[in-house]
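Asks: predicted structure and sequence below. I'll ask about it afterward.
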Amino acid sequence: MGDSEIIYLDNAATTKIDSAVIEKMKIALEEYGNPNSSHELGNRAKNLVEESRIHVANMINAKPEEIIFTSGGTESNNWAVYSSVCTTKKRTIFSSEIEHHSIHQSIHEFRKSIGTKGHFVPVNADGEVDINYFQERMDNGVGLVSIMMANNEIGTIQPIKKLAEIAHRYGILFHTDAVQAAGKIKIDVKDLNVDMLSLSGHKFHGSKGVGILYVKSGINLHPMISGGHQENGYRAGTYNVPGIVGIGEAARLVNSQEIMDEIGLKAQLFWVGMKTSISDIERNGNPNLSVPGVVNVCFKGVEAKAIVLELSKRGVCCSSGSACNEGTTIPSHVLKAIGCSTYKSHSSIRFSFSRFTTKEDIYRALEIIVEVIKEHREKC
């Protein structure tokens, strides 16, 4: 099956690299100088890096000097947790029950080395953080609050500005994982007043292997990777120039309200088509509180993993949960947190869209999904 025949509806896992990003990265591949070298080739590569830093900063309304390039969202999230403990000497980390594994696992793993203690705030049936629970348990012994801006499985948008305001009343650092928000909703770090924020290039049509950690001016940051003096001494290692150029160009291209609205209309078209064509389905999460482009559906009476495999054979790419949890039999911790039973979790599929998803893709995908669900229900 050729790429032209594949209908890609798994954009929450990764996105297609924009052709303009590829062309920009090709230029960077030719500029093979080390950005830390002081000669002409090094300067040319350095200029490309700094141009990209400006584009990423503009995307989130930050200063260029507040942008630090990393290997992706996982490193950025790990670093936020690690640095907060090292700089504040406070080991308690507040997070939510539906955070990405890179937050949950980092809190668990750093417990062995630096003594982190996790406190996970519950969410309601829509996936929203319980603000009253959160506020009642805040105190100045907490070192960091890390709450994701948009969930990777059901798309729920959290009230980050309000949560950051509460945390700051107690002098607590606030970090948000905005990996799934980029390219879907506007991100303004000044308005949100967050101290740190994570992004990953491949989630908004850049390449894999590059991300950013935004660190507000005046916030102390502790290095997690030691060696050279790259990134003002905060992150050692030779720059991934092509990847950085890619994320910069992707940031420049994606920050359009028109594009974001278009993605939302495509997702709505898909969901309406699904509801009118298939019985006994339910959407997980609240679409009115979700980023555009993520539709998580429970199909009663089917096994999601079997459906995903069959859809793949027929050219439709989707997933039965987070890409980090694919291939396991463990129920989604996100669906469990919003009250879904194990049965319902194992019957749920995530479809996610991008600006490259066409209406033709949606109509054809609906035809195939209807066929597959009907066949599987008839067998059961």
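Replies: Perfect, I can see it now.
Asks: let me know the outermost residue of this protein.
Replies: residue 39 (37.3 Å; CA atoms, centre = their mean).
Asks: got phi/psi on it?
Replies: As for residue 39, its main-chain torsions (degrees, to the nearest 10) stand at phi -80, psi -180.
Asks: looks like it contacts residue 33 (just checking).
Replies: Yes: when contacts are counted by CB atoms under 8 Å, residue 39 is listed as touching residue 33 (7.1 Å). For the C-beta atoms, the positions are set from N, CA and C on the backbone; glycine is no exception.
Asks: one step back: what's near enough to touch the residue farthest from the centre of the chain?
Replies: Contacts for residue 39 (CB atoms under 8 Å, 6 or more residues apart in numbering) come out as residue 33.
Asks: quick check: it vs residue 45, distance?
Replies: Distance, residue 39 to residue 45, by CB to CB, to the nearest Å: 10 Å.
Asks: find residues that contact each of these two.
Replies: With CB under 8 Å, 6+ apart, residue 39 and residue 45 have common neighbours residue 33.
Asks: just how off-centre is the lowest-mean-pLDDT helix or strand in the chain within its chain?
Replies: None of the helices or strands of the chain scores lower by mean pLDDT, DSSP states H and E than helix 101-114, at a mean of 90. Relative to the mean C-alpha coordinate of its chain, helix 101-114 is positioned 18 Å out (CA atoms, centre = their mean, to the nearest Å).
Asks: contact partners of it?
Replies: 73-74, 77-78, 81-82, 85-86, 91, 93, 95, 116-118, 120, 146, 148, 177, 322, 324-325, 333.
Asks: same check on stretch 297-306?
Replies: Outside stretch 297-306, the residues that reach it (CB under 8 Å, 6+ apart) are 271, 274, 278, 280-284, 307, 320, 340, 344, 346-351, 373, 376-377, 380.
Asks: among the contacts of helix 101-114, name the buried ones.
Replies: 73-74, 77-78, 81-82, 85-86, 91, 93, 95, 116-118, 120, 146, 148, 177, 322, 325, 333 (16 or more other CB atoms under 10 Å).
Asks: can you tell me which of the residues you listed end up in strands?
Replies: 93, 95, 117-118, 120, 146, 177 (DSSP state E).
Asks: and the pLDDT for residue 213?
Replies: Note for residue 213: predicted pLDDT of 98.
Asks: sorry, back to before: list just the nearest of the ones in strands among the buried ones among the contacts of helix 101-114 to residue 23.
Replies: residue 177 (29.7 Å; CB to CB).
Asks: the closest one and residue 80: what is the separation?
Replies: Counting by CB to CB, the gap from residue 177 to residue 80 is 8 Å.
Asks: which parts of the protein belong to which domain?
Replies: 3-16+257-379, 19-254 (automatic domain parsing).
Asks: deepest of those, which one?
Replies: domain 19-254 (a mean of 20; mean count of other CB atoms under 10 Å).
Asks: which of the helices or strands spans residue 134?
Replies: helix 131-136 (DSSP states H and E).
Asks: run through the neighbouring helices and strands of that helix.
Replies: helix 160-169 (3 or more CB pairs under 8 Å, 6 or more residues apart in numbering; DSSP states H and E).
Asks: just the angle for the helix it packs on relative to strand 117-121, thanks.
Replies: Computed by axes from the mean of the first three to the mean of the last three CA atoms, to 10 degrees, the angle separating helix 160-169 from strand 117-121 equals 140 degrees.
Asks: only alpha carbons, please: show helix 160-169 as PDB.
Replies: Taking C-alpha atoms only, helix 160-169 is exported to PDB below (Å, rounded to 0.1, in the frame of the first residue of the first chain):
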ATOM      1  CA  ILE A 160      -3.300  26.700  33.200                       C
ATOM      2  CA  LYS A 161      -3.500  30.400  33.900                       C
ATOM      3  CA  LYS A 162      -5.700  29.900  37.000                       C
ATOM      4  CA  LEU A 163      -3.600  26.900  38.300                       C
ATOM      5  CA  ALA A 164      -0.300  28.900  37.800                       C
ATOM      6  CA  GLU A 165      -1.800  31.800  39.700                       C
ATOM      7  CA  ILE A 166      -2.700  29.600  42.700                       C
ATOM      8  CA  ALA A 167       0.800  28.000  42.700                       C
ATOM      9  CA  HIS A 168       2.500  31.400  42.600                       C
ATOM     10  CA  ARG A 169       0.600  32.500  45.700                       C
END
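Asks: neighbouring contacts of it?
Replies: Counting by CB under 8 Å, 6+ apart, residues outside helix 160-169 touching it are 94, 129, 131, 134-135, 138, 142, 145, 147, 149, 173-174, 176, 191-195.
Asks: hmm, 10 Å instead?
Replies: 94, 96, 121, 129, 131, 134-135, 138, 140, 142, 144-150, 159, 172-176, 178, 181, 187-189, 191-195, 197 (CB atoms under 10 Å, 6 or more residues apart in numbering).
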